[in-house]
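A.B. asks: How does the following fold in three dimensions:
(chains A and B)
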Amino acid sequence: MDARMLDKADLATVLERLAQTRRLIAPVEDRTGAAFASVDEVAAIRLDYRNTSLSAKEIVFPQTEPLLVFRDGAAEERIPAAPGAVLFGVRPCDARSLTMLDAVFRGGETEDPYYAARRDELTVVALTCNEPGPTCFCTSVGGSPDDGSGADVLATDLDDGLLLRAITDRGEVLLGELDAGRPAEDGEIEAARDLAARAAERMENVPVPTDAAALLATFDSDLWSDLAAGCIGCGACTYACPTCHCFDITDEQKRGTGHRVRSWDACTFPPFTLHGSGHNPRPTATARLRQRVLHKFSYCPENFGEAFCVGCGRCVVHCPSGIDIRRILARLDAVLTANSEAGGPTR
Amino acid sequence: MSEVEDRLRQRVTELLDDGTVDLFIGYAEADAPLKTAVHVVRSTTDADALVWDARCAANLAALLPDLFRRPENAGNEWAPPRVGILAKGCVSRSIVGLIKAHQIPRDALHVVGVGCRGVVDRHHAARLVAPAQLAEAEFLEGDRLRLRATDGTERDVDLADVLLEGCLVCRHPNAVLSDESIGDPVPTSDRPRFADVESFAERPIDERWAAFREEVSRCIRCYACREACPNCYCTECFAEETAPRWIGVTTEPSDLMLFHLGRAFHQAGRCVDCGACVSACPQGIDLRLLTRKVNRDVEALFGGEVGVSLDRPEPLQQFEMTDDEGFLTEP
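C.D. replies: Purely as a prediction, here's the structure:
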């Protein structure tokens, strides 16, 4: 497929041209470090970032999304118009998370039209990683610094230039539109692969249990209350996470018009499973943290064939109590290994 | 490991061994820059993980109310645990507040007081290296901090330049309530306490409104601020109540502004300005913008500081005939 080498000095001009015909979403500097934003001023784009504070999922799954409005017995759907946006410079972990969100919102019998409208026509240019971040562990969960899942073009910072490799038909179309740079040389593509390989080598290796059934068998173990001891029941981990996708639907009222709205929800919140009767099947932080971890590493592998974690480590950065998924996974892996060696069930 | 840490680990081991406490809440290392983990020690082997330094941002008192809440299916044999807790000044004031609000029992607590020299503001540090990320932070001699970024750059800063803003004006670095103390007392700040409130008040009203609206516009309703706060112990928060529906759950500007206004006012007479909310917020929002003003107003109107003594009622827990009623509006 098409691979082009673009001089860094020309990047701004190329992106400016792109921004004229497409909605350009790229990383910009913000109060938290870096964040994705719809960009009008190309000069604001910062590709010298490591990763954003929150994930890129807001682009296809906004925190608050109107579903329909209703008044006097009539309702009107609010499916967004999403004219071919380009998500430029997202990390491979976030690009990969899009495939997991696809499985949730489009993979079943019913496709979510709100998600689909934003996702369709979205071209993803993933900026491969030359360095792991301080909490990164993508290689431990089936990803890599130059993983192409969810991406249409792989971009690599090669000091003098930006290498752009199309990996899907949509990517080819974008490179055609950009019509920039020159054909890439084999040596340059090789250099890009080397950088990713070296980044992977330097990344922390986290032992991740992959036996979904064995994980589920830890359900009644005391170790969960240990792991959840500091959890305060906020949604920082969930909301920063690229693959978390739970939502609530509420009817809000604004000046006599009803708005049915979808907004993010988190299984870590105490009222997440609160029944109308007042009973809560997950009344403790222990039950909720256990649910979060088992959902990602046991139930999703059973339902979707892969763990819903891309190893970005944002939950580690943001947890106010310093709870660390890498340590939880290592502890679970140790327990499961010990149990399988002992040949018995989990204590 | 510092002397204070050494002494802390020793004392916690002793407190568990002699049965004074069933568990001890403190801080432990976390594998991310400028972070510590909340650490609940139940066996003496876990006591060695305890740490104490300027990364200890969480207000540990936030964990207390749940520990003393009778579990749903508890039988008659359930008894509240005896809880030990490491308390810097603000944490001890939160404990006073919770005792006075009848959320936790004084006699089931063993408070180990420790003097605090301030907590590093992780968002301030992040902004110094943005758009790169903080890779490593190292404390240096002379109250300095070395920040290493993911882009390979390194910078040394004075701790005083990166502490939480509340720490810079702290009048209670040492525990106001304790069963014992470790380490030496720390001197209080003498900086003007409400300079930020005063300078904000000088701005024209529409500028202030715009600044407030802009500041909370990044809020994602994760409630980290709320859960990190010891004062937010309500079993149902106004922000999530459906009958009546006070505010919506969305990130529309009106919902965000009402959530933060509500939060600030609910803190009146209770906020100890520990900054745990600021540290917890993933979006680096200045959550003290409104609470600082509310704190100052409560002091000015009703006198007395929050959470400094078990013997006096809290400012909003009492009513004097001479209390200012200037806030009442004509019907």
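
A.B. asks: Can you point out the helix or strand that includes residue A:104?
C.D. replies: Applying DSSP states H and E as the criterion places residue A:104 in helix A:92-106.

A.B. asks: Tell me which helix or strand comes right after that helix.
C.D. replies: Along the chain past helix A:92-106, the next helix or strand (assigned with DSSP H and E) turns out to be helix A:113-119.

A.B. asks: circling back: pull the helix holding residue A:104 out as PDB, backbone CA atoms only.
C.D. replies: This file holds the C-alpha atoms of helix A:92-106, laid out as PDB (Å, rounded to 0.1, in the frame of the first residue of the first chain):
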ATOM      1  CA  PRO A  92      -2.200   3.100  18.400                       C
ATOM      2  CA  CYS A  93      -3.700   2.100  21.700                       C
ATOM      3  CA  ASP A  94      -6.600   4.600  21.200                       C
ATOM      4  CA  ALA A  95      -7.000   3.500  17.600                       C
ATOM      5  CA  ARG A  96      -7.200  -0.100  18.600                       C
ATOM      6  CA  SER A  97      -9.900   0.800  21.300                       C
ATOM      7  CA  LEU A  98     -12.100   1.900  18.400                       C
ATOM      8  CA  THR A  99     -12.300  -1.700  17.200                       C
ATOM      9  CA  MET A 100     -13.500  -2.800  20.600                       C
ATOM     10  CA  LEU A 101     -16.100   0.000  20.700                       C
ATOM     11  CA  ASP A 102     -17.200  -1.100  17.200                       C
ATOM     12  CA  ALA A 103     -17.800  -4.600  18.600                       C
ATOM     13  CA  VAL A 104     -20.100  -3.100  21.300                       C
ATOM     14  CA  PHE A 105     -22.000  -0.500  19.300                       C
ATOM     15  CA  ARG A 106     -22.100  -2.200  15.900                       C
END
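
A.B. asks: What is that helix packed up against?
C.D. replies: Helices and strands touching helix A:92-106, by 3 or more Cβ pairs under 8 Å, 6 or more residues apart in numbering or on different chains; DSSP states H and E, are helix A:113-119, strand A:123-127, helix A:300-304. Backbone N, C-alpha and C define where each C-beta goes, glycine included.

A.B. asks: Which of the ones you listed sits closest to chain B?
C.D. replies: Chain B lies closest, by Cβ to the nearest Cβ, to one member of the helices and strands packed on helix A:92-106: strand A:123-127, at 12.3 Å.

A.B. asks: The closest residue to chain A within the stretch 1-150 of chain B: neighbouring residues, count only.
C.D. replies: The nearest approach of the stretch 1-150 of chain B to chain A comes at residue B:37, 2.8 Å away (Cβ to the nearest Cβ). Residues within reach of residue B:37, counting by other Cβ atoms under 10 Å in any protein chain shown, total 26.

A.B. asks: Please report how far it lies from residue B:290.
C.D. replies: 29 Å (Cβ to Cβ, to the nearest Å).

A.B. asks: which stretches of the stretch 151-300 of chain B form helices?
C.D. replies: Using DSSP state H, counting those that start in this stretch, the helices found in the stretch 151-300 of chain B span residues B:165-168, B:195-201, B:205-216, B:224-228, B:253-266, B:276-280, B:288-302.

A.B. asks: Check which element follows the helix or strand hosting the residue of the stretch 1-150 of chain B closest to chain A along the chain.
C.D. replies: Following DSSP H and E, one finds residue B:37 within strand B:36-41. Once the chain leaves strand B:36-41, the next helix or strand it forms, by DSSP H and E, is strand B:50-51.

A.B. asks: and whichever helix or strand comes after that next one, what does it pack onto?
C.D. replies: For strand B:50-51, the following helix or strand on the C-terminal side (DSSP H and E) is helix B:64-67. Under the contact criterion of 3+ Cβ pairs under 8 Å, 6+ apart, helix B:64-67 touches strand B:83-87, helix B:89-100.

A.B. asks: Can I get helix B:64-67 as CSV, trimmed to CA atoms?
C.D. replies: Listed next in CSV are the C-alpha coordinates belonging to helix B:64-67 (Å, rounded to 0.1, in the frame of the first residue of the first chain):
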residue,chain,number,x,y,z
LEU,B,64,-13.7,6.6,57.3
PRO,B,65,-17.5,7.0,57.0
ASP,B,66,-17.9,3.7,55.0
LEU,B,67,-15.9,1.8,57.5
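
A.B. asks: List the contacts of residue A:119.
C.D. replies: Residue A:119 makes contact with A:60, A:98, A:101, A:102, A:105, A:106 under the criterion Cβ atoms under 8 Å, 6 or more residues apart in numbering or on different chains.

A.B. asks: Most neighbours out of the residues you listed, which is it?
C.D. replies: Using other Cβ under 10 Å as the contact criterion, the top neighbour count among the contacts of residue A:119 goes to residue A:98, which has 26 neighbours.

A.B. asks: Tally up the residues packed near the residue nearest to that residue when sequence neighbours are not counted, please.
C.D. replies: In space, residue A:98 comes closest to residue A:150 once its chain neighbours are excluded; the distance is 4.0 Å by Cβ to Cβ, 6 or more residues apart in numbering or on different chains. Residue A:150 is surrounded by 24 other residues when neighbours are defined as other Cβ under 10 Å.

A.B. asks: Repeat that for residue B:326.
C.D. replies: Residue B:326: 7 neighbours (other Cβ under 10 Å).

A.B. asks: try residue A:327
C.D. replies: Residues lying near residue A:327 (other Cβ under 10 Å) number 16.

A.B. asks: would you say it is within a strand?
C.D. replies: No. The assignment for residue A:327 (DSSP: H, G, I helix; E, B strand; the rest coil) gives helix, which keeps it out of a strand.
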